[in-house]
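Participant: this one's structure only:
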């Protein structure tokens, strides 16, 4: 807890938060990438044995293991995942861009040919994240999806979610920077992809940064965060659980509560301390709240400034004036409006992907969606008439730039009989 | 000239072209970035003096200098630039995404707040590139644009293009990695921006890669390239000038001519050698043709495979079956269809931006357009009814993931009286 700040003091805390690059880590990751690029499976095998204690011969997850993972879930959970999948599909289909056709200047969309999906392993396995990444890719029309994940059990809830999405091939038990290198450049076992999506640890994030340009990447994910803009109309205990839901991810998760009422924030602080001890993940929550929980009180205008400066991953507005406030939010990973659209409902089932920009990246980027799995290009098809109307102007600019063959390539067509 | 290859041999040439990172350069650029981040103007002054032999006190280009640069152009050239600007505006407005509104799940767009534009200096000054980058940003609604360019004359055609676009403030004479660092993190003189666009040399490209994540970037530009898919219906000399127009950029520029007719390619080679000596930039063209000109003959199907594999920056189809061929092109920076839509007309005046992905990046990315200067987010606003229909399913997944406060944050609202 940082005490209650005003908007200016709050912004100042984040003004100088440029990420300091870890040069040593960068060099270590680049060495892994170079090794996988040069030596393929042999390098992959070494790293997989070294980091994960596994041999590469069991790297491929079989279709049978994927199906067994799905069959192992109870029916209620299967139905819940199916409902999520259907809602994501419906939303993504609705926002998918359509070709913009015209006689002379068209703009058209095509699905990416092959996409790589990195799914984190470890103790936290999130089938929801698999759906929130894979379903947009499927809606976009991507035909080939290659999955890497450092999960070494026979069955897993991650595998179950893949099965639900119809992924039956190209699932590999590989993690870390070596997985990103394999997806970027291909090995004997892993096919090279066009774009790599999905979050991972610091090594995975660095590897994605270093292969960017040779392949596409989604974004570089930082710790998760929520900004809540609330007033007395929001039920206090529900807000406490919205804070806890973010804080339970890990100790670095950040929670910001903004209000025009200092009194509300004081009551919130008391209630946070009261409810904290009884939570299953109270230790993680306590660490996150102690170091990364901010409360801000100020005028509407100053708070909106802060909201747009922080450009938080999740912005939840539960306020009598929520319509007006939401209209004034320019930068956010996603906006959650009203008491029945808490972040957790968006995390699981509302529809839009929960893969969202963190760490102020929403100033310039957006949450993952089906359009990120397409590419697009203009088709320029001028009529002879239009060509003749614009040719001389184009030649003039070409000449001014000293690009005489550009000029000539236009003039030779204009001068035709 | 590489002789005439078949499609498979052509693809093989580009299969292993992963860019090898220059670690030494990476560390040098990171040191400049860290210095500018820590020491602001003082560091900027040192680098500007060291690399450009200029003092920082003259760094700001005045509104008077911008206007004088415009006034110095002859009226024909002014009119040509105005026509280009109008055509870019018209096209970009047409393809700008509109808010997708809905009671429960909306998707909305907002212009970026502040954009940085890097304009190369040196001997080649391209007002067309200024328009092709700036006009999309203006159409998107970006209010603040900060320009850096290592141009130290009093007037310049670059300044004239900026003036035409209404940029009268925030133009700074700074280049290199230090300019990118200043745009990313801000100094006393240069305001920090949200996204940096525009091409530059290898140091600029590396700096953009390293600041990515703290700010957005457009793309990392490689040498320019054209792929021409032609048959006998295309006028041979016009094709030669299309090749030369690309080759005259620099010796690294790449040109690929694909045809189903080996005879046509042989005649093209002869004509290239005949016309080469009389070109103004014949030395550059000769170097580019010698090392980076490829000719490919194969069947339609194999050539289309090659087109989609290479995903060239510019794909020009001048062929009796051009409609059918263009329909089968999935990956290209931009497609130029027909004899009256040669690349040069797109470089200057057709409408779509000529800032396009190079080096196979069109497999996953697209040319710069107005939508790249906007960000977007979902607004989730479930009705109480929808919330109640989906809440239990979301709680089940949360519980399966072991995120109990996520579960509780939903349940507490569902259980409300």
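Facilitator: Structure received. Everything quoted here is computed from the prediction, not taken from an experiment. Numbering: from 1, shown residues only, chains lettered A, B, ... in the order given.
Participant: okay, CA-based contacts and neighbour counts for the rest of this
Facilitator: Will do.
Participant: list the contacts for the spatially most central residue of chain A?
Facilitator: The residue lying closest to the centre of chain A (Cα atoms, centre = their mean) is residue A:355, at 3.4 Å. Applying Cα atoms under 8 Å, 6 or more residues apart in numbering or on different chains to residue A:355 gives the contacts A:129, A:132, A:133, A:367, A:368.
Participant: try 6 Å
Facilitator: Applying Cα atoms under 6 Å, 6 or more residues apart in numbering or on different chains, one finds that residue A:355 lies in contact with A:367, A:368.
Participant: the strands in chain A, which residues?
Facilitator: Remark: strands assigned in chain A by DSSP state E are A:4-5, A:105-111, A:114-118, A:144-148, A:171-172, A:195-197, A:216-217, A:225-230, A:254-259, A:293-297, A:314-318, A:334-337, A:374-380.
Participant: who does residue A:147 bridge with?
Facilitator: Beta-bridge partners recorded for residue A:147 (DSSP bridges): residue A:117, residue A:171.
Participant: so who does it touch?
Facilitator: By Cα under 6 Å, 6+ apart, residue A:147 lies in contact with A:116, A:117, A:118, A:171.
Participant: same check on residue A:262?
Facilitator: By Cα under 6 Å, 6+ apart, the contact set of residue A:262 is residue A:297.
Participant: how close does it get to chain B?
Facilitator: Distance from residue A:262 to chain B, counting by Cα to the nearest Cα, to the nearest Å: 23 Å.
Participant: same check, this time on residue A:310
Facilitator: Relative to chain B, residue A:310 is positioned 12 Å away (Cα to the nearest Cα).
Participant: what does the stretch 201-350 of chain A put close to chain B?
Facilitator: Applying Cα under 6 Å from any Cα of the partner chain, one finds that the stretch 201-350 of chain A approaches chain B through A:216, A:238, A:241-242, A:244-245, A:330, A:333-337, A:341, A:344, A:348-349.
Participant: hmm, try it at 8 Å
Facilitator: Residues of the stretch 201-350 of chain A lying near chain B by Cα under 8 Å from any Cα of the partner chain: A:209, A:213-216, A:219-220, A:238-239, A:241-242, A:244-246, A:248-249, A:279-281, A:330-342, A:344-346, A:348-350.
Participant: now which of those residues would you call buried?
Facilitator: A:209, A:213-216, A:219-220, A:238-239, A:241-242, A:244-246, A:248-249, A:279, A:281, A:330-342, A:344-346, A:348-350 (16 or more other Cα atoms under 10 Å in any protein chain shown).
Participant: before we move on, back to that, wait, which of the strands of chain A is closest to residue B:26?
Facilitator: Of all those, strand A:216-217 sits nearest to residue B:26, with 19.9 Å by Cα to Cα.
Participant: can you list the residues that contact that closest one?
Facilitator: Strand A:216-217 is contacted by residues A:194, A:195, A:196, A:197, A:208, B:361, B:364, B:365 when judged by Cα under 8 Å, 6+ apart.
Participant: tell me, how many residues neighbour the third one?
Facilitator: Other residues near residue A:196 number 27, with proximity taken as other Cα atoms under 10 Å in any protein chain shown.
Participant: please tell me how far it sits from chain B.
Facilitator: Residue A:196 is 10 Å from chain B, by Cα to the nearest Cα.
Participant: what helices or strands is the helix ranked longest in chain A leaning on?
Facilitator: For chain A, the helix that runs over the most residues, judged by DSSP state H, is helix A:75-95. When contacts are defined as 3 or more Cα pairs under 8 Å, 6 or more residues apart in numbering or on different chains; DSSP states H and E, helix A:75-95 sits against helix A:127-140, helix B:384-400.
Participant: from those, which stretch is densest packed?
Facilitator: Of the helices and strands packed on helix A:75-95, the one with the most neighbours on average (mean count of other Cα atoms under 10 Å in any protein chain shown) is helix A:127-140, at a mean of 24.
Participant: which elements pack onto that one?
Facilitator: For helix A:127-140, the packing partners by 3+ Cα pairs under 8 Å, 6+ apart come out as helix A:75-95, helix A:157-164.
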